[in-house]
Every structure is written in C-alpha cells, then in structure tokens.
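Enquirer: show me the folded form of this:
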Amino acid sequence: KSLSKPLRLLAGALQLPAMVLDVRGRIAAMSPEWADAFGPGASGPDAFFADVYPSLTALHVHIQDVLEAPGSREHVVQASQGDTVRRFIVKVGTWTYDDGTIGGSLLLAIDDTARLAQAAAVREANERLDLVLAGASVGVWDWMDVQRDEQYWSPRFYSLLGIYPEEVSPGLASFRELLHPDDRQKTFDLLDAHFEYGLPFDINYRLRTGDGSYRWFRGSGMATHDASGAAVRMAGSIEDIDARIKAEADIQRMNEDLEHFAHVVAHDLREPMRRQQVLLDFFLDDHEDHLTDDQRQELGLIQSQGAAMMDMINGFRMLTRLSGPGLVAETFSISAMARAIVDELLPADVAQDVSIDLPDRVRGYRVLVDILLRNLIANAITHGAAPRTLTLQMTSASVFVVENQWDGDPDTITGDFLQPFVAGRNRTSTGLGLSICRRVVNRHRGWIRLAPTHGTFRVEFTLGPS
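Expert: Okay, the predicted model is just below:
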C-alpha cells in the first residue's frame, strides 16, 4: 500500500492549501500553501493534526465524520497573518489506497477572502444606490426578456406610484395600463424606435397612481442586444417630475399673461403719446411764427421727450415679444443684412470707416437677428467717437464682433448694462437696447458680453452654443 493517490490529488490541487492525513489523524503530507496559510506546524511520523493545529479544532469533528461515513464536509475557518485575516472554506474528504481501503482524510482550503470583500463592496454599493434612488425620487425597472411580458419593478418604483406590489404585477401590460391614454402611442413608438434604430429612450409621460390621479414621470432606459443585433433585455428608471412639469406650466401661463398685459399696456400708452406728438406738430405748424425762442426750445424738449417715451414703449413691447412661439429659424445672409442696416443708419455726410466681414449663410431667427444688429450698430453710431469707425466680423471661433472707436471709460461698463434700463441711466438711450440684444442671443442659445477697452468699444456674441 502507498500514498500515491492522495499525493497525486495533492499535486493536482492547483497550488491551493492542501493536507493529507492518515486514519489516525497524523499528518502525511502538506502543500507549501497550507503552511503559508495556517503555519508549518510540526512534521514527522508522530505529528498529529489535533496537536499541530489546535486553533482548527472545529475540523477534527469533520475529519472523524468522513472516516466513519465517507463523503465530504466543509467548514469555514479563519487564519491570521499579522494584521491580515483570511477566510477559508476547508473541504474535508477521504482518500483511499489502490485497493480501495480508506487510507485517511484529505483537506483542501479555498481562499474566500476576496469574494467576501467583493460581496461586501457590492452590498455597500447597492445600499448606497438605494439611498440615492430614494432621495432622487427614482424607481428602477428591469425587463429581463423583451420577448416576454414579465418585468422587475423596484420597491421605490411602487412607492412612487403609491401602489403595493400585490396590487399590480410588474410587466409590460401593466405598464401600458398605467400610462395615460394620451401618452401610450408616443411612448411605445419611441420604444420601437429604440429597439430598431437605437434612438435614446428618454420621454416624459403620465402614470396613474394609487388614488386614481395621474403624475408626470421621466422614463428612460437602454436595451442590450445579442450578436444578431436583436434587443434581448432592457433596464431603466422612472423619475417623478410632476412638480417640475406643473411649475413650468404655471410659469408658461404667467409668461403668457405678462405678455398679454405688456401688449395691452404698450398699446394703451402708445396711443396717447402718438396723439400728443400729432397735436404738437399741429400747434407748431399753426403758431411757430408767434413763438419766442424760449417757447420753441421748451416745445422742442417736449417733442424729444415724447419721442424718447415712444421709443421706450416700442422697446418694451419688443422685449416682451422675443419669447413668442411664432418664430421660425431660417438660413440667411447676415453680411447682407448688416450692410443694409449700416447704409440705413449711418448718415452719408458723416466721416466713416466701415468694415464688414460676416458670413453669407447663417441659421437663426432672421427677424430677431435684424433687431440685434440694429441695436448694436445704432449703439456704435450713437456713442462712437469721431471719426466714426465700425467693424463687424466673425472670428475663427464663430464669435460675432461689433466694434467701434470710443472715448469712454471701460471701468464704468459692467455686465449690468445688459439688464433692462441700466444702460439708460444718465444717458440719452432708453436702456432697453442691450437687454433686447441679450434676449435675442439667449433665444438662439448663445452668449453675449461687453469687452470695452480704452479707445474701443467691443461687443461679442454667438448665435448658438460655443
């Protein structure tokens, strides 16, 4: 008889901690990895496992069990190496001689430390995710097989809808029933487009809650595909956005009310101002020859103040109309537009140096860009220093520039000048021109900034993200 079979088993243990015992519990052989894990202990014909490894006494029972009832047992043990504690799952079985008689027991240890650490990390990550999702009003769903109806809905999914899991079975049919009738078609059309063309599945829809009312949710998800490109699984989330949607609707209604109010106010103010100007013109036509110089100066002041008031009313009305829904984006020549405005606004008898280097094709709201350029060019002409210089160009970074000669103090110019009425303080302007420019640029999702220096006033803006 020999130990050939257990030693072959030990050699094939793939560098795992392993030990061979005889029927009396004496150590017949051990791998170097066992010694590294549990200590080398003693060796020789009289080295009994119980004496060498008293800290592993729990294994003694399993060793005796397998000798009395051949089979396998396993037990969890820990081994300390300095400050490091390793956890092992030790499997205990029997080995036999070539003639089939039991020769002793075989111990094989599997290091479970890394798996436990990974499991703990996953558990911690899941707990953190649950907290984040709960705080963010997000519920998770998982459509494990898109060929079947069954789905998984997280507890937060149910709580957001105010229903209990036993009330609604998670599945596609249930989800369809919960959707508002007006949102079903567009939701499933987008789902089909996501499967077929890979379009993002991100949509706002209403779901029926436990009390029968509907709330707005943002639904999003992503499908996974097999080797043939067919969708096999999809997972995603729902986020409660009901408060935001309703707030946006309230703001939209208030904006519409304010715009209507502004239209009425501007109309009611403009009409008496127009009549006043007409009456002043009639009065001057009839009595100008009989007026003193002081009277003419005072009446001229009244006329100029009335004209300024009319400009302010028109500017105020324009400021409120910039957010209207009737605008349509189109492609046009901003270069030709700028040239026409300069020719219209710049007096022919004024010394001028105009340079226009703008693209022939831009896309935007033509009527709004016309308002933008008119305000900036008029501002440059009105407040520019003599001789009049005007440069309009677009940089390589797609930034539009309007620049003119200027003798003002750049330290007095701040970003507040882009707010309504700020620029008009102690000035001859209405204070609405630059704020209108800012609204136009915002409508194009661009930006605008003032960049004055000593000798030059420069305005930079974009007509789109940059």
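
Enquirer: what's across from residue 26 in the sheet?
Expert: residue 48 (DSSP bridges).

Enquirer: show the pLDDT at it.
Expert: Among the per-residue scores, residue 26 shows a pLDDT of 90.

Enquirer: how about the strands in the stretch 301-450 of the chain?
Expert: Counting by DSSP state E, counting those that start in this stretch, the segments of the stretch 301-450 of the chain that form strands are 330-332, 352-357, 362-364, 388-394, 400-405, 448-450.

Enquirer: for residue 461, find the nearest of these.
Expert: The closest approach between residue 461 and any of these, judged by Cβ to Cβ, belongs to strand 448-450 at 3.9 Å. Placement of C-beta: from N, CA and C, glycine included.

Enquirer: and the closest one, which strands flank it?
Expert: Taking DSSP bridges as the criterion, strand 448-450 forms sheet pairs with strand 456-461 (antiparallel).

Enquirer: what mean pLDDT does the partner strand get?
Expert: Averaged over strand 456-461, pLDDT sits at 93.

Enquirer: what's the angle from that strand to strand 400-405?
Expert: Orientation check (axes from the mean of the first three to the mean of the last three Cα atoms, to 10 degrees): strand 456-461 against strand 400-405 gives 170 degrees.

Enquirer: count of residues packed around the closest residue to residue 288 other than its chain neighbours?
Expert: Taking Cβ to Cβ, 6 or more residues apart in numbering, and ignoring the residues beside it in sequence, residue 288 has residue 296 as its nearest neighbour in space, at 7.3 Å. Counted with other Cβ atoms under 10 Å, the neighbours of residue 296 add up to 12.

Enquirer: next up, the contacts around residue 182.
Expert: Contacts were defined as Cβ atoms under 8 Å, 6 or more residues apart in numbering; by that measure residue 182 touches residue 206.

Enquirer: let's verify it: helix, strand, or coil?
Expert: Following DSSP: H, G, I helix; E, B strand; the rest coil, the label given to residue 182 is helix.

Enquirer: residue 256 is nearest to which of the strands of the stretch 301-450 of the chain?
Expert: Distance to residue 256, taken as Cβ to Cβ, is lowest for strand 362-364 among these, at 23.9 Å.

Enquirer: where does the stretch 151-300 of the chain have low pLDDT?
Expert: Across the stretch 151-300 of the chain, the stretches falling below the confidence threshold (pLDDT under 70) are 258-267.

Enquirer: same check, this time on the stretch 351-466 of the chain
Expert: 351, 414-433, 466.

Enquirer: all helices for it, in order.
Expert: If you assign secondary structure with DSSP state H, counting those that start in this stretch, the helices in the stretch 351-466 of the chain sit at 366-383, 433-443.

Enquirer: among these, show me which one is buried the most.
Expert: The highest mean neighbour count among those, using mean count of other Cβ atoms under 10 Å, belongs to helix 433-443: a mean of 22.

Enquirer: please name every helix or strand in contact with that one.
Expert: If contacts are counted by 3 or more Cβ pairs under 8 Å, 6 or more residues apart in numbering; DSSP states H and E, helix 433-443 sits against helix 293-321, helix 366-383, strand 448-450, strand 456-461.

Enquirer: kindly format the C-alpha coordinates of that helix as CSV.
Expert: Taking C-alpha atoms only, helix 433-443 is exported to CSV below (Å, rounded to 0.1, in the frame of the first residue of the first chain):
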residue,chain,number,x,y,z
GLY,A,433,-31.3,98.2,-26.4
LEU,A,434,-28.6,96.0,-24.9
SER,A,435,-31.1,94.0,-22.9
ILE,A,436,-33.0,93.3,-26.1
CYS,A,437,-29.8,92.1,-27.6
ARG,A,438,-29.2,89.7,-24.7
ARG,A,439,-32.7,88.3,-25.1
VAL,A,440,-32.2,87.7,-28.8
VAL,A,441,-28.9,85.9,-28.1
ASN,A,442,-30.5,83.8,-25.4
ARG,A,443,-33.2,82.8,-27.7
